[in-house]
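Asker: below is the structure, and that's it, no one-letter string:
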């Protein structure tokens, strides 16, 4: 069974609970199969702390995560290209997912400013000014060669309410379109959209309605798991899963 045209991913639902909607699935990615639900170890700067790539393989890890923001600054996309991407750089022959750098808007909030153009950062390493646009995020992720790339989204804390949440939701939709246009390798790298809208059901539904119109290989549920009450968290997860396409993978961000 071939992957959809233009996508480097095949997704199969193996089992589904009619009550909880929990799913057991299999992803066929360029570097092998991944059975879900799956724990994805975080290698922020291209390595798991205290664990070698060989040890990860021995533990049965099928996919791990790298951070576009940090890897884009050090060692940078040019060195990554020379190393044949992040797979070559970290001696990893299985799948990789890279985030977009968007979460640093929250984690480095004192060092960042968001405009329509992108995110303006002050580097925590040398104090230089950095502009991370949707196009730049995808350029770096194309150089990293990850199997799954995340769109650059406008991320706000899950405990924030009001106009900023609406602004971030609509901007994330516009940035998704820019990321889709910028992707130079769609037949080998899968770009996932990220659903935003905070804890506002109406905003999250609007985001779902718009983003699911785009022909992307998968979707992530973003903007949660940041300190909100659990019942609010589950309400937004349920709303999202109710409206996401059944035939595409779902990535609940920030929960491991």
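Answerer: Okay, I see it. Not measured: the values here are computed from a predicted model.
Asker: can you pull the pLDDT of the spatially most central residue of the chain?
Answerer: In the chain, the centroid-proximal residue (CA atoms, centre = their mean) is residue 150; its distance is 3.3 Å. At residue 150, the predicted lDDT confidence score is 98.
Asker: my read: residue 98 touches residue 151, true?
Answerer: No - taking CB atoms under 8 Å as the definition, residue 98 is not a contact partner of residue 151, at 11.2 Å. C-beta here means a position set from N, CA and C on the backbone, and glycine is covered the same way.
Asker: ok, back up a step: would you agree the residue nearest to the centre of the chain is in contact with residue 192?
Answerer: Yes - with contact defined as CB under 8 Å, residue 150 and residue 192 form a contacting pair (5.5 Å).
Asker: what is in contact with the two at once?
Answerer: The contact sets of residue 150 and residue 192 overlap at residue 220 (CB atoms under 8 Å, 6 or more residues apart in numbering).
Asker: now residue 33. Its backbone dihedrals?
Answerer: Note on residue 33: backbone dihedrals following degrees, to the nearest 10 are phi -80, psi 150.
Asker: show me what contacts it?
Answerer: With contact set as CB under 8 Å, 6+ apart, residue 33 has these partners: 26-27, 62.
Asker: identify the bridge partners of it.
Answerer: For residue 33, the residues forming beta bridges with it (DSSP bridges) are residue 28.
Asker: and it, how far is that from residue 95?
Answerer: Distance, residue 33 to residue 95, using CB to CB, to the nearest Å: 9 Å.
Asker: list residues touching both of these two?
Answerer: Among the neighbours of residue 33, those also in contact with residue 95 (CB under 8 Å, 6+ apart) are residue 62.
Asker: out of residue 98 and residue 151, which sits in the more crowded spot?
Answerer: Relative neighbour count places residue 151 above the other of residue 98 and residue 151, with 30 against 25, counting by other CB atoms under 10 Å.
Asker: that one and residue 175 touch, don't they?
Answerer: Yes - proximity of residue 151 to residue 175 meets the contact threshold set by CB under 8 Å, at 6.4 Å.
Asker: which neighbours do the two have in common?
Answerer: In contact with both residue 151 and residue 175: residue 134, using CB under 8 Å, 6+ apart.
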